[in-house]
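A.B. asks: Build the 3D model from these lines:
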Amino acid sequence: MSDPLFRDPITNDPWHAHFHAIGALTVAWNGLEHTLEYIIGALLRLDHDTASFLITNLGNVSRADLAKRLIRTNDGRTQIIELVDHLAKGYNTCRENRNIILHSQFTINALASKAWLVKPTRSGALNEYPADLSTLRQVATEVATFAGFAVDIFGAIQTDTDHVGASDSKDPQVAVWPWTWPNKPPLPRNLNPHQSD
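C.D. replies: This is a model prediction of the structure:
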């Protein structure tokens, strides 16, 4: 007997693309979260395993705040500070959107071919969020974009500013990897709820 949850993806299930987008979001978020650990480790001058051990119990907001504090204390380059501040803003929006999508009830009206997310508030009301395919793909893409941005920032932290953009460096590693300052991607958009009773 085959498990209906893991049926062949080439079936005509109209919701398969929605589930794929949620899976892509999850993979991208894990990359973003993991790279932020690498950034914190680099700023603390620790290997990744030690840094991960130290920050495991920090909440995601605390991790972004920690990166912002450490960059000012341990690096001080204005361009890097601006990049990490932008990363922290984007990271926090990505976190909020990811939590909404992954901690809500995915609800389907098959007759209307419509899907939405339902998440209770602390007051007992229900927030409804859009779960159309374009919204889910947009959020996944924004998280993936910030994961790539975090990788670029990690490279910036590891790079000596004397070699930024230099292709004639005497350092063979720098010569192999010509590096430039990363561009700030647009900040992600927050998912906005509609409340219902």
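A.B. asks: use CA for all of it now, contacts and neighbours both
C.D. replies: Will do.
A.B. asks: Could you identify the longest helix within the protein?
C.D. replies: In the chain, assigned by DSSP state H, the helix with the most residues is helix 16-44.
A.B. asks: so after that one, what's the next helix or strand?
C.D. replies: helix 48-55 (DSSP states H and E).
A.B. asks: quick one: buried residues of that following helix?
C.D. replies: 48, 51-52, 55 (16 or more other CA atoms under 10 Å).
A.B. asks: CSV for those residues, including distance to Ser134?
C.D. replies: Formatted as CSV, the buried residues of helix 48-55 follow (distance: CA to CA, whole Å):
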residue, distance to Ser134
His48, 35
Ala51, 36
Ser52, 34
Ile55, 34
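A.B. asks: nearest to Ala24, of those residues?
C.D. replies: Using CA to CA, Ser52 comes nearest to Ala24 of the buried residues of helix 48-55, at 23.3 Å.
A.B. asks: So the closest residue to the closest one other than its chain neighbours versus Gln138, what's the distance?
C.D. replies: Counting by CA to CA, 6 or more residues apart in numbering, Ser52 lies nearest to Glu37, which is 6.1 Å off, once chain neighbours are set aside. The spacing between Glu37 and Gln138, counted by CA to CA, to the nearest Å, is 24 Å.
A.B. asks: Please enumerate the helices of the chain.
C.D. replies: According to DSSP H, the helices that the chain contains are 16-44, 48-55, 60-74, 78-102, 133-158, 172-176.
A.B. asks: Name the residues that touch the lengthiest strand in the chain?
C.D. replies: The longest strand of the chain (DSSP state E) is strand 114-120. Applying CA atoms under 8 Å, 6 or more residues apart in numbering, the contact partners of strand 114-120 are 100-101, 103-109, 126-132.
A.B. asks: who wins for most neighbours among those?
C.D. replies: Within the contacts of strand 114-120, most neighbours by other CA atoms under 10 Å means Ile101, with 24 neighbours.
A.B. asks: quick revisit: looking at the helices of the chain, which one has the lowest mean pLDDT?
C.D. replies: With a mean of 43, helix 172-176 has the lowest mean pLDDT of the helices of the chain.
A.B. asks: Take the helices of the chain and write them to CSV, including distance to Val118.
C.D. replies: Formatted as CSV, the helices of the chain follow (distance: least, CA to CA, whole Å):
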stretch, distance to Val118
helix 16-44, 15
helix 48-55, 31
helix 60-74, 23
helix 78-102, 9
helix 133-158, 14
helix 172-176, 49
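A.B. asks: can you pull the contacts of the residue lying closest to Asn192 once chain neighbours are set aside?
C.D. replies: Computed as CA to CA, 6+ apart, the closest residue to Asn192 that is not its neighbour in sequence is Tyr129, at 6.4 Å. Residues counted as contacts of Tyr129 (CA under 8 Å, 6+ apart) are 116-118, 191-194.
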